[in-house]
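> Here is a sequence together with a model predicted from it:
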Amino acid sequence: MKNIVILISGGGSNMAAIVRAAQQQDWQERHGIRIAAVISNRPGAGGLALAQGLGIATQVLDHKAYATREDFDAALAQAVAAHDPALVVLAGFMRVLTPIFVERFAGRLLNIHPSLLPAFPGLDTHQRAIDAGCKVAGCTVHEVTAELDVGPILEQAVVPVLPCDSAQTLAARVLEQEHQIYPRAILAFLRCGEDGQGAGASCLR
Ligand code: GAR
């Protein structure tokens, strides 16, 4: 069985899209892929109740309970490793991870970012795209490396930026696409190698 651990900080709509895709497409029976746990660094994350409602085990590791970023990452790495994950999925996980975590899960760590990377890494992506006069915006699934929002790009989707857009309306249009591409990229990543060709991200690069 290939276990997925999903890390969230907020509403968890990407997490829910992944869980629903896994359930509707029967990943467990057909591909031996199972969502083992959802872990949040924020006790109040809305995604926790959503995950429980979808039948997924949840866990909270409050980053505020740790003295340093490294201490938190070491504890998080231990909690994640307990599920023996084939893949760790960042889904609206709003913490910068240190090498302690990134190196341990290198090659099996994915993120979704709400811009067409390499444009607009970091925060406030939609307002920055509007302010820059972009005609298109979008989202990116990429491998996580030590540098923020820079790892190899695995999948992207593009949406128009409309003259009437606010950051909120653009975010909603992008989020719809996130829910399409993230489950697809995860399945392709984990199925890569089934036919003896390639492994992991090599099928998507
Ligand atoms: C999503 O738009 C995701 O791309 C973004 O946070 C949102 C989480 O929504 N992630 C980042 O900005 C990471 N740098 P969700 O909790 O509803 O999935």
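On my side now, so go ahead. Numbers count the residues shown, from 1 in each chain.

> all contacts plus neighbour counts: C-alpha atoms, from now on.
Will do.

> Which parts of this structure are helices?
Here the chain has its helices, by DSSP state H, at 13-24, 27-31, 46-53, 69-81, 99-104, 125-131, 167-191.

> Format these as CSV; extra columns: mean neighbour count and distance to the ligand.
Below are the helices of the chain laid out as CSV (neighbours: other Cα atoms under 10 Å; distance: least, Cα to the nearest ligand atom, whole Å):
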stretch, mean neighbour count, distance to the ligand
helix 13-24, 19, 3
helix 27-31, 14, 20
helix 46-53, 18, 7
helix 69-81, 17, 17
helix 99-104, 17, 15
helix 125-131, 18, 8
helix 167-191, 19, 6
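
> Surely S115 is in contact with V141?
No: counting by Cα atoms under 8 Å, S115 stays clear of V141, with 9.7 Å between them.

> okay, the helices of the chain in JSON lines with mean pLDDT and distance to G151 next?
Shown next, in JSON lines, are the helices of the chain (pLDDT from 0 to 100; distance: least, Cα to Cα, whole Å):
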{"stretch": "helix 13-24", "mean pLDDT": "98", "distance to G151": "19"}
{"stretch": "helix 27-31", "mean pLDDT": "97", "distance to G151": "26"}
{"stretch": "helix 46-53", "mean pLDDT": "98", "distance to G151": "25"}
{"stretch": "helix 69-81", "mean pLDDT": "98", "distance to G151": "19"}
{"stretch": "helix 99-104", "mean pLDDT": "96", "distance to G151": "11"}
{"stretch": "helix 125-131", "mean pLDDT": "98", "distance to G151": "17"}
{"stretch": "helix 167-191", "mean pLDDT": "97", "distance to G151": "15"}
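
> which one of those helices lies closest to N111?
helix 167-191 (8.8 Å; Cα to Cα).

> From the chain's centroid, how far away is the closest one?
Here helix 167-191 shows a centroid-to-chain-centroid distance of 9 Å under the convention Cα atoms, centre = their mean, to the nearest Å.

> now for that helix, which elements pack on it?
When contacts are defined as 3 or more Cα pairs under 8 Å, 6 or more residues apart in numbering; DSSP states H and E, helix 167-191 packs onto helix 13-24, helix 125-131, strand 136-143, strand 153-160.

> Out of the ones you listed, flag the one nearest R104.
Closest to R104 of the helices and strands packed on helix 167-191 is strand 136-143 (Cα to Cα; 13.6 Å).

> now that closest one against helix 167-191, angle please.
30 degrees (axes from the mean of the first three to the mean of the last three Cα atoms, to 10 degrees).

> hmm, who's touching strand 136-143?
Outside strand 136-143, the residues within contact range by Cα atoms under 8 Å, 6 or more residues apart in numbering are 107-117, 126, 129, 149-161, 174, 177-178, 181-182, 185, 201.
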